[in-house]
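Asker: Based on what follows, work out the 3D shape:
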Amino acid sequence: MFFVWAAVLLLVTVGLIVMLRPNSPEHAIDDDRPRTDDLTTLPTEPAAPKKTKKAKPSAEANALPAALQGNFPGLGTQPGISGDSDVFSLPKHKLTITLSAPHALGTVAYVIPTSVDHPQGSHNEKSNTWSLTTTVYGNPDYAVVFVQAGVDGKPESCKITVDGRVTERRSTEGPYGAMWCQG
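Answerer: Numbering: from 1, shown residues only. I've put the predicted structure just below:
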């Protein structure tokens, strides 16, 4: 009985392998449809039409099925999502970061992920005020800013406004008090 089951299992396995081969006639549903073995040299992007004399097609162009050559006339738009890039199609907002202190601010660092002009930065600010205005996209939270007080502990203040509305207001506390201001 064991040999009968083993023989049946072997026949089924061999039959599946033969039927599922890419080059087998049982695998092809439509003879006019290109098979995977015909698509060995696909271009990464469709070629732009040229306004010069038509040259004879190269051997590489002949290797592609007619449906895959050219600019896909009559098929409508290319696949994918239409519209602007993922950042610019989101709602646009005006963001302003303002820092102030009774002395020089020192190290200022910020990250504004959806800002095209100022996505991140850090510098040593020698004045007692600093401000940055940029355009941001999407929904809150738009920015995070880092400041640190000096040895004297005098507070450094941060204010973030989005479209004129204050979304964050914080101050440092104590000597070397560090603060993340997010809004």
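
Asker: where does the chain have its least confident helix or strand?
Answerer: Lowest mean confidence among the helices and strands of the chain (mean pLDDT, DSSP states H and E): helix 59-63, at a mean of 48.

Asker: ranges for the strands of the protein?
Answerer: Under the criterion DSSP state E, strands of the chain are mapped to 92-100, 106-111, 120-125, 129-137, 144-148, 157-162, 165-171, 178-182.

Asker: Would you format those strands as CSV with mean neighbour count, mean pLDDT and distance to residue 5 included?
Answerer: Placement of C-beta: from N, CA and C, glycine included. Formatted as CSV, those follow (neighbours: other C-beta atoms under 10 Å; pLDDT from 0 to 100; distance: least, C-beta to C-beta, whole Å):
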stretch, mean neighbour count, mean pLDDT, distance to residue 5
strand 92-100, 18, 95, 69
strand 106-111, 17, 92, 65
strand 120-125, 12, 91, 66
strand 129-137, 17, 95, 64
strand 144-148, 20, 92, 66
strand 157-162, 20, 96, 72
strand 165-171, 15, 95, 72
strand 178-182, 17, 92, 67
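
Asker: Which one, of those, ends up nearest to residue 9?
Answerer: Nearest to residue 9, of all the strands of the chain, is strand 129-137, at 59.4 Å by C-beta to C-beta.

Asker: What lies in contact with the closest one?
Answerer: 87-88, 90-101, 105, 108, 110, 112, 114-118, 142-143, 162 (C-beta atoms under 8 Å, 6 or more residues apart in numbering).

Asker: Partner strands of it and their direction?
Answerer: strand 92-100 (antiparallel) (DSSP bridges).

Asker: mind checking how far the nearest residue to residue 124 once chain neighbours are set aside is from residue 89?
Answerer: Excluding its sequence neighbours, the residue lying closest to residue 124 (C-beta to C-beta, 6 or more residues apart in numbering) is residue 107, at 5.7 Å. Taking C-beta to C-beta, to the nearest Å as the measure, residue 107 falls 35 Å from residue 89.

Asker: I'd say residue 109 and residue 158 touch.
Answerer: No - here residue 109 lies out of contact with residue 158, judged by C-beta atoms under 8 Å, at a distance of 11.8 Å.

Asker: Now for the two: what residues contact both?
Answerer: residue 145.
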